[in-house]
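Everything below, folded, please.
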Amino acid sequence: MQQPASLGKIQLVEELQPSFWKECGPVLMPIRCDTAWTQNTKPQVTGLMAIPPNRAGAIGKVVFRLIGLGEKRLGDYEGEIETFENEGNFQRAVAHWPSELAAPGTYHLLGIVYDKAGKD
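Numbering: from 1, shown residues only. Reported below is the predicted structural model:
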């Protein structure tokens, strides 16, 4: 018997634990990066990571890691958690880095979430 790829396996749990973050991180805390067209300074790239509502207290820190296409680490940038919508407690981690560090399309962006004990 086969299962369609769109129907991923799930596991029901009583409470979301930090030990689950590694498996469900890409869905739980998706990331993106953008470069605004208009900036008053040297061009900066902005990294954003969604933080699940009411979970910021379990997070020690968020790091955005730029990795070149040759797997060389280009830099780590710590994100600051901010609330952008009070109703529902919607939060995100935000970090900025210079666009001259790497041209668009020449690096991968990895989001790393550490718990309060410093474990990723």
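
The lengthiest strand in the chain pairs with which strands?
Using DSSP state E, we find that the single longest strand of the chain is strand 73-85. With DSSP bridges as the test, strand 73-85 is paired with strand 59-68 (antiparallel), strand 90-98 (antiparallel).

Format those strands as TSV; extra columns: distance to V13 and mean pLDDT.
For glycine as for every other residue, the C-beta is placed from the backbone atoms N, C-alpha and C. Formatted as TSV, the strands paired with strand 73-85 follow (distance: least, C-beta to C-beta, whole Å; pLDDT from 0 to 100):
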stretch	distance to V13	mean pLDDT
strand 59-68	19	94
strand 90-98	22	95
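
where does this protein dip in pLDDT?
By pLDDT under 70, the low-scoring segments of the chain are 1-8.

Let me see the ranges of the strands in it.
Counting by DSSP E, the chain has strands at residues 31-35, 44-51, 59-68, 73-85, 90-98, 107-115.

ok and the third one relative to strand 31-35, angle-wise?
What it means is strand 59-68. 60 degrees (axes from the mean of the first three to the mean of the last three C-alpha atoms, to 10 degrees).

List the buried residues for strand 59-68?
59, 61-66 (16 or more other C-beta atoms under 10 Å).

now swap in the longest one and tell me
By neighbour count on 16+ other C-beta under 10 Å, the buried set for strand 73-85 is 77, 79.

before we move on, the earlier item: could the strands paired with strand 73-85 be laid out in JSON lines, adding distance to G25?
Output for the strands paired with strand 73-85, formatted as JSON lines (distance: least, C-beta to C-beta, whole Å):
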{"stretch": "strand 59-68", "distance to G25": "11"}
{"stretch": "strand 90-98", "distance to G25": "13"}
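
So for Y107, which of the ones you listed sits nearest?
Among the strands paired with strand 73-85, strand 59-68 comes nearest to Y107, with 4.9 Å by C-beta to C-beta.

Now do that closest one and strand 44-51, the angle between them.
140 degrees.

So what touches strand 59-68?
Here strand 59-68 makes contact (C-beta atoms under 8 Å, 6 or more residues apart in numbering) with 31, 33, 47, 49, 51, 73-79, 81, 93, 95, 97, 101-102, 106-118.
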